[in-house]
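Asks: Generate a structure from the sequence data that follows.
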Amino acid sequence: MMQISRSWSRRPARYGRWRHLLAVLPLVGALTLLAGCGMFRDDPKPHDVGPVSTMPSGTSTHTLVIDGQERGFRLYLPANLARSTAVPLVVMLHGALGTGSQAETAYGWNAMADREGFVVAYPDGLSRSWAVSPDCCGPPARDGVDDVAFIQQLVSTVADQLPVDRARVYATGISNGGMLAYRLACDTKLFAAIGPVAATQLGPCSSPAPTSVIHIHGKADQTVPFDGGPGKRDNDGTGRNPVKIDGPPIPDLLGQWRKTDGCDAPVTTASGLVSTSTATCPGGRAVELVTVDDAGHQWPGAAGPRPEAQRLLGLDPPATALDATETIWRFFDTHARTGG
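Replies: So this is what the prediction gives:
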């Protein structure tokens, strides 16, 4: 059974107080950390304000009931959105310890939506994390939460009530959120393209549908190592907060998707610290790997955490050689879903 309710917000959430941050520090040692952390305030409980199709522009908060659990998400509609024309939908998936509110503020997708004319959804993971395999990540993995079903229902609900172009539905995310983007590509046929950042693919992916992929990764990432294997937050999937991040080398992972998509050999170009390897594939699809030489576990181009958060939590400084949001959107904008 599915229920939906919503409320309105015109302002981004503010940064939480440090006493709240200190309260969640035990979780930091067990989960991969988000880029741009520091905002931990929850939104008030949503309430019903009428049909989604009559929404004014701005940010609204919503709930769905999936498997008896209330799941929340934020939805951003630009003021200039063409309500009579089908538009793209981007699902932005926060990293571990993040929230939809934090992701909305941190990564610049609202400004991109304003400029380009699309809708953005920012779902909330339970316990601020996503289940992407039996061993990752956190309580959702431990408890067998079906996050794929949640995102499927989110997309269906939004697309039923807004003029969404179902051939232009996309998923992007950082770290644990990027891992969920891969899980969605493995387990569904909803998405024309995915854009994981600082992430890897975990769990089985035996027969995925051909999907365009753009993956952005810092070569200095120690949480999700570019060369594969366990990162510094890995606990081998044990305890109350299981985190087993033991993916393949990122170039090998993109090679798997080139095989799935039947792509040509990739062509690599470089500009300063940024290298881009692009393979063209049948049906207008593409598989692209973008690396940043000095970037760590972060969303390149985002402001990043405040200095005190960097020191306290051992986070990487901001990476400025690439605007990940701009790069991902340009890829999404040229790769609609084709075929069945």
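Asks: May I ask you to confirm that residue 220 belongs to a helix?
Replies: No. Residue 220 is assigned coil when assessed by DSSP: H, G, I helix; E, B strand; the rest coil, not a helix.
Asks: which residues does it contact?
Replies: 293, 294, 295, 296, 316 (Cβ atoms under 8 Å, 6 or more residues apart in numbering). From N, CA and C alone the C-beta is placed, and that goes for glycine too.
Asks: Hmm, residue 257 is touching residue 213, no?
Replies: Yes. Using Cβ atoms under 8 Å, residue 257 makes contact with residue 213 at a distance of 4.9 Å.
Asks: So residue 310 is in contact with residue 318, correct?
Replies: No. Using Cβ under 8 Å, residue 310 is not in contact with residue 318; the gap is 9.2 Å.
Asks: Pull up the overlap in contacts between these two.
Replies: With Cβ under 8 Å, 6+ apart as the test, residue 310 and residue 318 both reach residue 304.
Asks: Which other helices and strands does the longest helix along the chain contact?
Replies: The longest helix of the chain (DSSP state H) is helix 147-161. Using 3 or more Cβ pairs under 8 Å, 6 or more residues apart in numbering; DSSP states H and E, the elements in contact with helix 147-161 are strand 58-66, strand 69-77, strand 87-93, strand 119-123, strand 164-174, helix 176-187.
Asks: Minimum distance to residue 140: which of those has it?
Replies: Evaluated with Cβ to Cβ, these place helix 176-187 nearest to residue 140, the distance being 9.4 Å.
Asks: mind saving the C-alpha coords of the closest one as CSV?
Replies: The C-alpha trace of helix 176-187 is given here as CSV (Å, rounded to 0.1, in the frame of the first residue of the first chain):
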residue,chain,number,x,y,z
ASN,A,176,26.7,5.0,-0.9
GLY,A,177,24.2,6.9,-3.1
GLY,A,178,26.2,6.2,-6.2
MET,A,179,26.3,2.5,-5.2
LEU,A,180,22.5,2.6,-5.1
ALA,A,181,22.5,4.2,-8.6
TYR,A,182,24.4,1.1,-9.8
ARG,A,183,22.0,-1.2,-8.0
LEU,A,184,19.1,0.6,-9.7
ALA,A,185,20.8,0.1,-13.1
CYS,A,186,21.3,-3.6,-12.3
ASP,A,187,17.8,-4.3,-11.0
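Asks: average pLDDT across the helix or strand just after it?
Replies: Next in sequence after helix 176-187, counting helices and strands by DSSP states H and E, comes strand 193-197. Summarised as a single mean, pLDDT over strand 193-197 is 98.
Asks: what does strand 193-197 rub up against?
Replies: With Cβ under 8 Å, 6+ apart, strand 193-197 has contacts from 170-175, 178-179, 181-182, 184-185, 211-217, 285, 299-300, 324, 328, 331-332, 335, 337.
Asks: now it: how far from the chain's centre is it?
Replies: The chain centroid and the centroid of strand 193-197 are separated by 7 Å, computed with Cα atoms, centre = their mean, to the nearest Å.
Asks: what are the pairing partners of that strand, and which direction each?
Replies: Using DSSP bridges, the strands paired with strand 193-197 are strand 164-174 (parallel), strand 212-218 (parallel).
Asks: in it, what's buried?
Replies: Neighbour-count burial for strand 193-197 flags 193, 194, 195, 196, 197 (criterion: 16 or more other Cβ atoms under 10 Å).
Asks: Name the nearest residue to the first one, sequence neighbours excluded.
Replies: Spelled out, it's residue 193. Counting by Cβ to Cβ, 6 or more residues apart in numbering, residue 212 is the residue found nearest to residue 193 once chain neighbours are left out, at 3.7 Å.
Asks: Please report the distance of the one you found from residue 261.
Replies: Remark: distance between residue 212 and residue 261 (Cβ to Cβ, to the nearest Å) = 7 Å.
Asks: same deal with residue 125?
Replies: 28 Å.
Asks: next one: residue 93
Replies: Here residue 93 is placed at a distance of 22 Å from residue 261 (Cβ to Cβ).
Asks: These two: which is more packed in?
Replies: Set side by side, residue 93 and residue 261 show more neighbours around residue 93, with 33 against 22, by other Cβ atoms under 10 Å.
Asks: Am I right that the more buried one is in contact with residue 175?
Replies: No. Applying Cβ under 8 Å as the test, residue 93 and residue 175 come out as separate, 9.3 Å apart.
Asks: Need the winner for burial among the helices and strands packed on helix 147-161.
Replies: helix 176-187 (a mean of 28; mean count of other Cβ atoms under 10 Å).
Asks: sorry, back to before: quick one: which of residue 257 and residue 213 has more around it?
Replies: Neighbour tally, residue 257 and residue 213, criterion other Cβ under 10 Å: the higher count belongs to residue 213, 31 against 26.
Asks: So in terms of bridging, what pairs with that one?
Replies: Residues in beta-bridge contact with residue 213 (DSSP bridges): residue 194, residue 287.
Asks: Could you tell me the model confidence score at it?
Replies: Residue 213 is assigned 98 on the pLDDT scale.
Asks: The one 10 residues further on too?
Replies: The score at residue 223 is 94. That number is its pLDDT.
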